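> would you be able to build a 3D model of this:
(one chain, ligands or ions: 2)
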Amino acid sequence: MTDHSYRDARPNAEVVLHPSVFPTAARAVAPRVSVVIPTYNEAKNLPHVFAAIPADVHEVIVVDGHSVDGTIEVARSLRPDVRIVLQNRHGKGNAMACGFAEVTGDVVVMLDADGSADPAEIERFVAALVAGADFAKGSRFAPGGGSTDITALRQWGNRWLNRIANALFGTSYTDLCYGYNAFWAHCLPALELDPGTRTHDGKLWGDGFEIETIINTRMAKAGMRITEVPSFEFPRVHGISNLNTWRDGFRVLRALAVERCNAKGRRVPVTPVQLPVARPAADEVPAAAEAAAERAGRTA
Ligand SMILES: Nc1nc2c(ncn2[C@@H]2O[C@H](COP(=O)(O)OP(=O)(O)OP(=O)(O)O)[C@@H](O)[C@H]2O)c(=O)[nH]1
Ligand SMILES: [Mg+2]
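Ligands and ions are numbered 1, 2, ... in the order given. Here you go, the predicted model:
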């Protein structure tokens, strides 16, 4: 039997964290995490993915592209509290925009439904945000990341597109075309994504796999603090990819040109939300109160 366990398939189980991810003075906050999952005929993969989602996430939003394999029913049976959103056009980009519009948490995590991304890494993305980043960008090519899925051709194309992006936008990305990312919900207005108010029987610009490039470049244009988080990509568990290497590669190239010329990302000022510092656990409270009383006594 094939073992689809995320960790067992990882060749370097000891993942080295990118040094920039965890500065020592990380703020102790516990943000509410909204996981946005685009699905197009992923019923067979959802049990694998949902089983690995951390128990303490605030919400799971499945954005479905009118799947015909029972994806929605499976999602509901696995997780009765799942929020289902139906996209109104076609493509992953449109799905993400529709899902983002429904987020009620503090942090947005973009997670694929095909089993290629390990939900256990969510913790690492959130830690990067809590440590001070606005945008935690997953990277298979940062130290500690990797992939047993990407083909040589796609890796070559991604490398050149990545170089072009860095030259045009002054970024230091190592993995432009990767869909596992997280950001504070306060970044959403700056992205200016169309949440799907215009119905269309097809794809509008931004509705396809260029969405990741659009997000990456607008985050940079908005001046967001960006940290790369090493991530490991697995092959999808069941089914076939919806991505077409050449067609979608050219859409990414076009997105780089379009985003270099337009002002999107720069137009909407973003105000970071102040989050409460995490409270001490109940059993620590008396000790903390005693220490405070003792200090007060000393200074009185
Ligand atoms: N709602 C929705 N989801 C989509 C659509 N196209 C792709 N997805 C989802 O987006 C995620 C990524 O799609 P994949 O087909 O795996 O493409 P990819 O991961 O970019 O490429 P591969 O590395 O070849 O797998 C999966 O969860 C898909 O189900 C779409 O048109 N609508
Ligand atoms: Mg995939």
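
> show me where the stretch 151-300 of the chain has its strands.
Along the stretch 151-300 of the chain, the segments classed as strands by DSSP state E, counting those that start in this stretch run 181-184, 226-230, 232-233.

> got the residues of the stretch 101-250 of the chain near ligand 2?
Proximity of the stretch 101-250 of the chain to ligand 2, by C-beta under 5 Å from the ion, involves residues 114, 116, 236. Yep, even glycine has a C-beta here, placed from its N, CA and C like the rest.

> that older thread, mind checking which of the strands of the stretch 151-300 of the chain is nearest ligand 1?
strand 232-233 (7.3 Å; C-beta to the nearest ligand atom).

> looking at the closest one now, give me its mean pLDDT.
Strand 232-233 shows a mean pLDDT of 98.

> okay if I get the strands of the stretch 151-300 of the chain as a markdown table plus mean neighbour count and distance to Val36?
Putting these into a markdown table (neighbours: other C-beta atoms under 10 Å; distance: least, C-beta to C-beta, whole Å) gives the following:
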| stretch | mean neighbour count | distance to Val36 |
| --- | --- | --- |
| strand 181-184 | 24 | 10 |
| strand 226-230 | 23 | 17 |
| strand 232-233 | 23 | 18 |
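
> would you turn these into a markdown table with distance to His58?
Output for the strands of the stretch 151-300 of the chain, formatted as a markdown table (distance: least, C-beta to C-beta, whole Å):
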| stretch | distance to His58 |
| --- | --- |
| strand 181-184 | 13 |
| strand 226-230 | 20 |
| strand 232-233 | 24 |
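
> what about this structure, any weak spots by pLDDT?
1-5, 7-28, 198-200, 273-300 (pLDDT under 70).

> rerun that using 90 as the cut-off
Residue ranges of the chain with pLDDT under 90: 1-30, 194-205, 267-300.

> quick one, helices of it?
6-9, 46-51, 71-78, 92-100, 122-130, 152-169, 188-191, 211-221, 245-261, 285-299 (DSSP state H).

> what does the chain put close to ligand 1?
The chain comes close to ligand 1 at residues 38-40, 42, 63-65, 87, 90-92, 95, 112-114, 116, 149, 179, 209, 236, 241-243, as judged by C-beta under 6 Å from any ligand atom.

> mind running it again at 5 Å?
Counting by C-beta under 5 Å from any ligand atom, the chain comes close to ligand 1 at 38-40, 42, 65, 91-92, 95, 112-114, 241-243.

> tabulate these in a markdown table, adding columns for distance to Ala142 and neighbour count.
Below are the residues of the chain next to ligand 1 laid out as a markdown table (distance: C-beta to C-beta, whole Å; neighbours: other C-beta atoms under 10 Å):
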| residue | distance to Ala142 | neighbour count |
| --- | --- | --- |
| Pro38 | 24 | 28 |
| Thr39 | 27 | 26 |
| Tyr40 | 28 | 21 |
| Glu42 | 27 | 27 |
| Gly65 | 30 | 20 |
| Gly91 | 27 | 23 |
| Lys92 | 23 | 26 |
| Ala95 | 26 | 27 |
| Asp112 | 18 | 19 |
| Ala113 | 24 | 27 |
| Asp114 | 22 | 26 |
| Ser241 | 23 | 12 |
| Asn242 | 26 | 16 |
| Leu243 | 22 | 14 |
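
> now render those residues as CSV, adding distance to Ala220.
Output for the residues of the chain next to ligand 1, formatted as CSV (distance: C-beta to C-beta, whole Å):
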residue, distance to Ala220
Pro38, 23
Thr39, 28
Tyr40, 28
Glu42, 30
Gly65, 28
Gly91, 23
Lys92, 21
Ala95, 23
Asp112, 23
Ala113, 27
Asp114, 27
Ser241, 27
Asn242, 26
Leu243, 23
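
> between the two ends of stretch 99-111, what distance do you get?
For stretch 99-111, the first-to-last residue distance is 11 Å (C-alpha to C-alpha, to the nearest Å).

> how many neighbours does Ile240 have?
8 (other C-beta atoms under 10 Å).

> thinking again about what came up before, which of the residues of the chain next to ligand 1 sits closest to ligand 2?
Taking C-beta to the ion as the measure, ligand 2 sits nearest to Asp114 out of those, at 4.3 Å.

> ok, that closest one - contacts?
Each residue near Asp114 by C-beta atoms under 8 Å, 6 or more residues apart in numbering is listed here: 42, 45, 49, 236-239, 241.

> closest to Ala75 among those?
Using C-beta to C-beta, Glu42 is the member of the contacts of Asp114 that lies nearest Ala75, at 8.8 Å.

> apart from its chain neighbours, what residue comes closest to that closest one?
Counting by C-beta to C-beta, 6 or more residues apart in numbering, Glu42 lies nearest to Ala113, which is 4.0 Å off, once chain neighbours are set aside.
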